[in-house]
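**Q** this is the structure alone, sequence omitted:
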């Protein structure tokens, strides 16, 4: 059978995402790996290619599968409507994070099946049954509409990650040179674990594994890593450093295998603060950048979101990373109710930590989180295009124009200009002009984001 898998682009009003970084569609490569040995499979990355209609007419798929985060919901629905218009006989399947936590949002005449949870085996079963002309009613982790109602089966939340096939990266060969994060280009991605043992109320990832931290065996991780061609590798885990003992084993196996790469991974500030020796080991084998969620600059705000870290953890984590020559990529959260003095304090905090750069995100109650349940009655919009962590979906204390001016000033005044410029040394010379154009294009849109709202 001919199967087309689509990585969607966000709506034009949404900010961030592919304007700032672009990771390979790892979820689709996993899905493809379950069926590509027996079927003709194509991955279409709409972030990099726009003519989906031409691809469908040329490839003539019998099944189209699309993945989706919350910010993609509207664009994905439109894609499926176009696909069904082109060929009503195509079996349309949606999966991904939002489909898992809010399958009812995809109850649509243009969407035949909704896959929840780890979709590799469910999708394979769908393909097998469709080929045989059989129904889908009792496949684990699958939902569909019936008489206007959603019918669904339970999905397995705790899975053995070692039983899942290695992603089929051959299907993204034509795109691979274009995946990146800052100077790391081309950038491959690998998943070594899933889930998180912590209980942040703005995150739903821990719920998808019942609070368990699921791990692949170190040997499987290193075996896959050895087959990746790219020099730069992003660890696409919910949190990579939770199990320090395991990460030391993986580091040693990488060293023993003679694998020479440069790595980027996620790490909580308290995990980094408690394990400087682990970070030193990883620095020696190529760890270059750590994405660390500092979240807030006040302990009471950290307590508010149930983070389980402290301001002292944040300070120590940044100190350790900088001392080891590892670039910290910290993120901090903006509360919609902030006034000018709060933004000013955050700018001072960033300078005090000696940060070269940070990402700033508006506190966003995503569907499926405890925070969403607490604040859903306060939402100023239910339009998922705005759930991009940059547009506020909660009321602001400041007028929107002032709020976004303060937001813009965070990027302009939170860092020492010479430190910021020094980061450009990490980029190849031919990438610097386009990097600056993208950055200032983003900042300009951010400053004017208040215009995206109706009165």
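**A** Looks like it arrived, so ask away. Predicted, not measured: the structure shown is a model, and the values here were computed from it.

**Q** and the chain, what are its domains?
**A** Per automatic domain parsing, the structural domains of the chain span 2-152, 179-329, 335-455.

**Q** show me where the stretch 151-300 of the chain has helices.
**A** 218-226, 244-257, 269-274, 276-284, 299-304 (DSSP state H, counting those that start in this stretch).

**Q** any regions of the stretch 201-350 of the chain where pLDDT drops low?
**A** Regions of the stretch 201-350 of the chain meeting the criterion pLDDT under 70 are absent.

**Q** can you show me the strands along it?
**A** 214-215, 232-235, 262-266, 287-295, 327-334 (DSSP state E, counting those that start in this stretch).

**Q** quick one, which of the domains of the chain is nearest to residue 163?
**A** Closest to residue 163 of these, according to CB to CB: domain 2-152, at 8.6 Å. C-betas here are computed from N, CA, C, even on glycine.

**Q** returning to that earlier point: can I get the domains of the chain in a markdown table with distance to residue 159 and mean neighbour count?
**A** Listed next are these as a markdown table, based on distance: least, CB to CB, whole Å; neighbours: other CB atoms under 10 Å:
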| stretch | distance to residue 159 | mean neighbour count |
| --- | --- | --- |
| domain 2-152 | 5 | 19 |
| domain 179-329 | 7 | 19 |
| domain 335-455 | 19 | 16 |
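
**Q** scan this protein for its longest helix.
**A** The residue-count maximum for a helix in the chain (DSSP state H) belongs to helix 432-447.

**Q** pLDDT of it, averaged?
**A** In this model, helix 432-447 has a mean pLDDT of 93.

**Q** about what we covered before: export the helices of the stretch 151-300 of the chain to TSV and tack on distance to residue 124?
**A** Listed next are those as TSV, based on distance: least, CB to CB, whole Å:
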stretch	distance to residue 124
helix 218-226	20
helix 244-257	28
helix 269-274	35
helix 276-284	35
helix 299-304	42
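
**Q** among these, which is nearest residue 427?
**A** helix 276-284 (20.3 Å).

**Q** which parts of the stretch 351-455 of the chain are helices?
**A** Counting by DSSP H, counting those that start in this stretch, the helices of the stretch 351-455 of the chain are 370-375, 400-413, 417-423, 432-447.

**Q** so which of these gets nearest residue 255?
**A** helix 417-423 (27.8 Å).

**Q** got a pLDDT number for residue 455?
**A** Value for residue 455, per-residue pLDDT: 60.

**Q** dump the helices of the stretch 351-455 of the chain to JSON lines, plus distance to residue 18.
**A** Shown next, in JSON lines, are the helices of the stretch 351-455 of the chain (distance: least, CB to CB, whole Å):
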{"stretch": "helix 370-375", "distance to residue 18": "25"}
{"stretch": "helix 400-413", "distance to residue 18": "19"}
{"stretch": "helix 417-423", "distance to residue 18": "21"}
{"stretch": "helix 432-447", "distance to residue 18": "10"}
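
**Q** nearest to residue 330, out of those helices?
**A** Using CB to CB, the nearest of the helices of the stretch 351-455 of the chain to residue 330 is helix 400-413, at 12.3 Å.

**Q** tell me the pLDDT at residue 421?
**A** 80.

**Q** who touches the closest residue to residue 276 other than its chain neighbours in this structure?
**A** Leaving aside its sequence neighbours, residue 276 sits nearest to residue 320 (CB to CB, 6 or more residues apart in numbering; 4.8 Å). Contacts for residue 320 (CB atoms under 8 Å, 6 or more residues apart in numbering) come out as 272, 273, 276, 279.
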